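Q: Pasting the sequence and the predicted model now:
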Amino acid sequence: MKVPFLPPQEYVFPNPDYAIAECEGLVGISADLDAGRLIAAYRRGIFPWFRQNGLFYWFATAPRTVLLPENIHIGKSLAKTLRGKAYRVTVNQAFADVIAGCAAVPRPNQDGTWIAPEFQTAYFDLHRLGFAHSFECWYPDTDDGGRLKLAGGLYGVQIGRVFYGESMFARAPDASKIAFACAVPFLERCGVELIDCQQDTEHLKRFGSQQMDFHEFHTTLVRLNDMPLKEAVGRRILADNVKRQD
């Protein structure tokens, strides 16, 4: 098994085919993690999975779990929650808080989090450049006069008409689900045609995710990454169910 070391500031990745066939998806190892490296990786269907001994490990998983925005499924229980619960969902109003919240979530069979400080810095740089976006779900705090507090959310990377989902978290029941249920239709309105979910989970299956052959996935990226959005993601309120409860 030969895993290449990626030279610093040379944002070129090898073809993932060998990594998928022989290295369980491990494409390469680098000492750097920055906005340029991340953008180059995502465009090839590659993402950083973890940091170990000061090095970053880059993977391409196959088959790839994706969600076509038009196929999102909202179950009856979540639909009822969306109608009846008091919440507000926003875009790009608390990116640093969202990624910190994701980093604080315990991961099964892992010691700590994969979202080390270096990851948070790199993704925040992408956010400042307009490539990374957060979706926040806020709940009113009855112990604090109804002041809205961050209850959960998610973040990911958007290049052209692809949104690469990275992580989500919830400090209160249903918060990340509400954020995701509001984010997907909004991204579709903006022109996003494909959401990369990376990992196959029961949680994502309930939302309508599906498996895609990696070659088909990569061909789709080549087509969609260079297509501009219909509307910029921006910074806004997506849903406000707090006022309805007043």
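A: The structure has been received and is ready for your questions.

Q: Where does pLDDT dip in the protein?
A: 1, 107-114, 244-246 (pLDDT under 70).

Q: Strands of that one, start to end?
A: 5-6, 26-30, 47-52, 55-59, 64-67, 88-91, 132-141, 147-159, 162-170, 194-198, 210-212, 236-240 (DSSP state E).

Q: Just the CA trace of the third one, in PDB.
A: C-alpha atoms of strand 47-52 as PDB (Å, rounded to 0.1, in the frame of the first residue of the first chain):
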ATOM      1  CA  PHE A  47     -12.100  15.400   2.000                       C
ATOM      2  CA  PRO A  48      -9.900  15.600   5.200                       C
ATOM      3  CA  TRP A  49     -11.000  13.000   7.700                       C
ATOM      4  CA  PHE A  50      -8.700  13.400  10.600                       C
ATOM      5  CA  ARG A  51      -5.300  14.700  11.900                       C
ATOM      6  CA  GLN A  52      -2.700  12.400  13.500                       C
END
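
Q: now it against strand 55-59, angle please.
A: 150 degrees (axes from the mean of the first three to the mean of the last three C-alpha atoms, to 10 degrees).

Q: Find the residue at the geometric middle of this structure.
A: With distances taken as C-alpha atoms, centre = their mean, Gly165 lies nearest the centre of the chain, 2.1 Å away.

Q: So that residue is in contact with Leu194, correct?
A: No. If you go by C-beta atoms under 8 Å, Gly165 and Leu194 don't touch, sitting 10.6 Å apart. The way it works is simple: take the backbone N, C-alpha and C, and place the C-beta from them, glycine included.

Q: before we move on, the earlier item: how about the strands of the chain, which one is nearest Arg37?
A: Closest to Arg37 of these, according to C-beta to C-beta: strand 26-30, at 6.6 Å.

Q: Next, count neighbours for Cys102.
A: 24 (other C-beta atoms under 10 Å).

Q: That one and Gly153: what is the separation?
A: For Cys102, the distance to Gly153 (C-beta to C-beta, to the nearest Å) stands at 8 Å.

Q: Any buried residues in the longest helix that the chain contains, and which?
A: In the chain, with assignment by DSSP state H, the single longest helix is helix 175-190. Applying a neighbour-count criterion of 16 or more other C-beta atoms under 10 Å, the buried positions in helix 175-190 are 175-184, 186-188, 190.

Q: Check stretch 76-83 too.
A: Neighbour counts over stretch 76-83 (16+ other C-beta under 10 Å) mark Leu78, Thr81, Leu82 as buried.

Q: Please name the bridge partners of the residue lying closest to Met168 once chain neighbours are set aside.
A: The shortest distance from Met168 to any non-neighbouring residue, by C-beta to C-beta, 6 or more residues apart in numbering, is to Leu154 (3.6 Å). Per DSSP bridges, the residues bridged to Leu154 are Phe135, Met168.
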